[in-house]
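Student: What follows is a predicted protein model with its sequence.
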Amino acid sequence: MGNSFGRLFRITTWGESHGGGVGVVVDGCPSQIEINEDDIQKELDRRRPGQNKLVTPRDEADNIQILSGIFEGKTLGTPISLMVYNKDANPKAYDNLKDTFRPSHADFTYQKKYGIRNWQGGGRASARETIGRVAAGAIAKTILSKDYNIECIAYVKQVHHIIAEIDRDSISLEDVEKSLVRCPHKESSDLMIEQVEKARDEGDSLGGVIECVVRNVPVGLGEPVFDKLKADLAKAMMSLPATMGVEFGSGFDGTLLMGSEHNDEFYMDGDRVRTKTNHSGGMQGGISNGEDIYFRVAFKPTATIFKKQSSVTSAQKETELQAKGRHDPCVIPRAVPIVEAMANLVILDHLLINKRNQQ
């Protein structure tokens, strides 16, 4: 239970951080869609560990293997199974944590819920699970781009106290990828890099905010009342490891405005109804209105740090621990393609739902 996401375009992820591998099964993908394995690999390369000096040094190539559902470069309409083998697992690094609950991890809650847990790197609760999401999201991205001209771009808006001023209307993927922290504002990016390196050297970690914009979304995606597009996007983002909050459009800052300031007034742009502003973030009543969808996701500081912390053992004895292993001092840069993947999965799912309802 709880390992599947989506309705018509449905994914089920599986695997643990230091097990044999991780992967995903995609069900409901339309047939005869051209899928390039390199496109999937490209997205995984953006997520993988060891890609630069700011992330965990775990050396994983994360090479994708297509096990089923794609034949001669096209989808068959049958379940697509994708897998990545774990090549650089190091479970022994967690021997000292076998009986100790790490602060702000899922160790304690998993143990209490299931009566057993994989203590090697967090097991199922590890962010390595997101490989399956990114692989499936790459397929969704291909369909959205080729068939609907929909583009989804995420980028780092904030790391700790450093907030970047970014023009989301003109931002491109190339702009994002130029930065080690995936912040397209160079001055802010340089400051963020300094802060992440400082936290790493001190054995500590940082959190931050990722902003995401989805362009060319048609009017009408979203199902009232409980399956609003906004609600599904929020669930998708909050299902990601380390997320602490999500806000759409003006978000919490919108509470500081008067209704006369916040309302998105309508006007005619040729034969198209548009809004003069976009405080709603591209959705009204939980349904897309044709404007760009944009939202922000808050991520907490990486829970594993290398400073001594107080904890409790599984035998309920107080203790002190100091983590070992390989960990990101800031999860934000590698989370960017994961946010994009989840957004693409939700948008495609709702497009297919609309298509079904119109038949």
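Tutor: Received it, and whenever you're ready, just let me know what you need. Numbering: from 1, shown residues only.

Student: What is the subsequent helix or strand relative to the helix or strand where E197 lies?
Tutor: Using DSSP states H and E, E197 falls within helix 186-201. Under the assignment DSSP H and E, the closest C-terminal helix or strand after helix 186-201 is strand 208-215.

Student: Tell me which other helices or strands the lengthiest helix in the chain touches.
Tutor: For the chain, the longest helix by residue count, based on DSSP state H, is helix 332-357. Helix 332-357 sits against helix 37-47, helix 130-148, strand 151-159, strand 208-215, helix 229-238, strand 293-299, with contacts defined as 3 or more Cβ pairs under 8 Å, 6 or more residues apart in numbering; DSSP states H and E. Where you see a C-beta, it was placed from the backbone N, CA and C, and this is true even at glycine.

Student: Now tabulate these in CSV and tack on mean pLDDT, mean neighbour count and distance to K324.
Tutor: Shown next, in CSV, are the helices and strands packed on helix 332-357 (pLDDT from 0 to 100; neighbours: other Cβ atoms under 10 Å; distance: least, Cβ to Cβ, whole Å):
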stretch, mean pLDDT, mean neighbour count, distance to K324
helix 37-47, 95, 18, 23
helix 130-148, 97, 23, 23
strand 151-159, 98, 24, 25
strand 208-215, 98, 22, 25
helix 229-238, 98, 21, 30
strand 293-299, 98, 24, 23
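
Student: can you tell which of the ones you listed is closest to G245?
Tutor: Taking Cβ to Cβ, strand 293-299 is the member of the helices and strands packed on helix 332-357 nearest to G245, at 4.2 Å.

Student: how far out from the middle of the chain is that closest one?
Tutor: Centroid separation for strand 293-299 versus its chain: 10 Å, with Cα atoms, centre = their mean, to the nearest Å.

Student: Mind listing residues that contact the following helix or strand past that strand?
Tutor: Of the helices and strands lying after strand 293-299 in sequence (DSSP H and E), the nearest is strand 309-312. Strand 309-312 is contacted from outside by 100-103, 108, 318-322, using Cβ atoms under 8 Å, 6 or more residues apart in numbering.

Student: Please save the CA atoms from strand 309-312 in CSV.
Tutor: Output in CSV follows, covering the C-alpha atoms of strand 309-312 (Å, rounded to 0.1, in the frame of the first residue of the first chain):
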residue,chain,number,x,y,z
GLN,A,309,23.3,14.2,18.3
SER,A,310,21.2,12.7,21.1
SER,A,311,18.9,9.8,20.3
VAL,A,312,17.3,6.7,21.7
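
Student: And the average pLDDT for whichever helix or strand comes after it is what?
Tutor: For strand 309-312, the following helix or strand on the C-terminal side (DSSP H and E) is strand 318-321. In this model, strand 318-321 has a mean pLDDT of 92.
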